[in-house]
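Colleague: Quick one, structure for this:
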Amino acid sequence: MQFRQQALAKLQSPEELDLPVRFARPQGWLVLSVTVVALAAASVWAVTGSVTSTVSAPAVLTHGEGSYILQSPAAGQVTAVLAKEGERLPANSPVLKVRTAEGDTVVRTVAAGRITALAATIGQIISTGANVAAVEKVADADDPLYATVYVPAENAASIPANAAVDLTVQTVPSQQYGVLRGHVKSVDRTAQSAQQIAAFLGDSQLGEQFTKKGRPVAVLVRLDTSESTRSGYRWSSADGPPYSLTSMTMATGSIRLADQRPVDWLLP
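Modeller: Numbering: from 1, shown residues only. Model (predicted):
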């Protein structure tokens, strides 16, 4: 009954019209001001700012001209292996000797390079066109290394010229030595088949591996050089690894794509 009497008394009392009206507390004004400033900043950034994105894809360190698969021009029995893996040979150098029905045939290198793999052994019977060796096209030991990154075809158009690239090299602990730095030299706008990749790298297994999710685009990356590191290339760490890099080393490349305007995402 006491609360009911108080409620009736309040209804019967005149309104307090002489008291000032409080529109908002100071805390409310502060919240409103912060909100307005945040919205204004977001609007300016949406018009003038940009969003940076990257694409990661498998990569291989190679010399610029790649490799090729040496094939036997004749069928017969291998009687001699005249080259060693890792050996650098000039063009037209003997690699194998094959005994055929017409006599001995010598399998020779097509272009100067380094033997990265030998697939034939003495006594082996091979057919015409059989793969007998993989040869990397490098004439001089001082020829620079490049990285070939095989990115999905749908990302090729978004890769700008000279884009920055970070390479995580499989043989280099990234937590200790960081990543290898580079920049895009060229982008092949045509998607490559497993056969094309195998012909360039001299490895059919890599061709199949890089095309499991579709035909990729080859991006050639120029490695940034440095006179202060043992490898001769620039790393995210000060010194990089205390050893040199070798060709046909696997890596993962992270390529910076063209900056995108956030306002484009808002507009229909």
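
Colleague: Which stretches in the stretch 151-268 of the chain count as strands?
Modeller: With strands called from DSSP state E, counting those that start in this stretch, the stretch 151-268 of the chain shows them at 164-169, 180-187, 216-223, 249-256.

Colleague: Next, the angle strand 164-169 makes with the second one.
Modeller: Using axes from the mean of the first three to the mean of the last three Cα atoms, to 10 degrees, the interaxial angle of strand 180-187 with respect to strand 164-169 works out to 120 degrees.

Colleague: now what about strand 180-187, what contacts it?
Modeller: By Cβ atoms under 8 Å, 6 or more residues apart in numbering, the list of residues contacting strand 180-187 from outside reads 146-147, 156, 159-169, 172, 217-224, 233-236, 240, 245, 251, 255. For glycine as for every other residue, the C-beta is placed from the backbone atoms N, C-alpha and C.

Colleague: try 6 Å
Modeller: Contacts to strand 180-187, defined as Cβ atoms under 6 Å, 6 or more residues apart in numbering, come from residues 147, 156, 159, 162-163, 165, 167, 169, 219-224, 234-235.

Colleague: Buried only: go through those residues for me.
Modeller: 147, 156, 159, 163, 165, 167, 169, 219-223, 234-235 (16 or more other Cβ atoms under 10 Å).

Colleague: Is it possible to get CSV of those residues that adds distance to Ile69?
Modeller: Output for those, formatted as CSV (distance: Cβ to Cβ, whole Å):
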residue, distance to Ile69
Ala147, 21
Ala156, 26
Ile159, 28
Ala163, 31
Val165, 28
Leu167, 25
Val169, 25
Val219, 23
Leu220, 20
Val221, 23
Arg222, 26
Leu223, 25
Arg234, 33
Trp235, 33
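
Colleague: Might you list the low-confidence residue ranges for the protein?
Modeller: 1-32, 34, 36-52, 139, 141, 258-268 (pLDDT under 70).

Colleague: any chance you could map the helices in it?
Modeller: For the chain, the helices defined by DSSP state H cover 2-12, 26-48, 174-177, 194-201, 204-210, 263-266.
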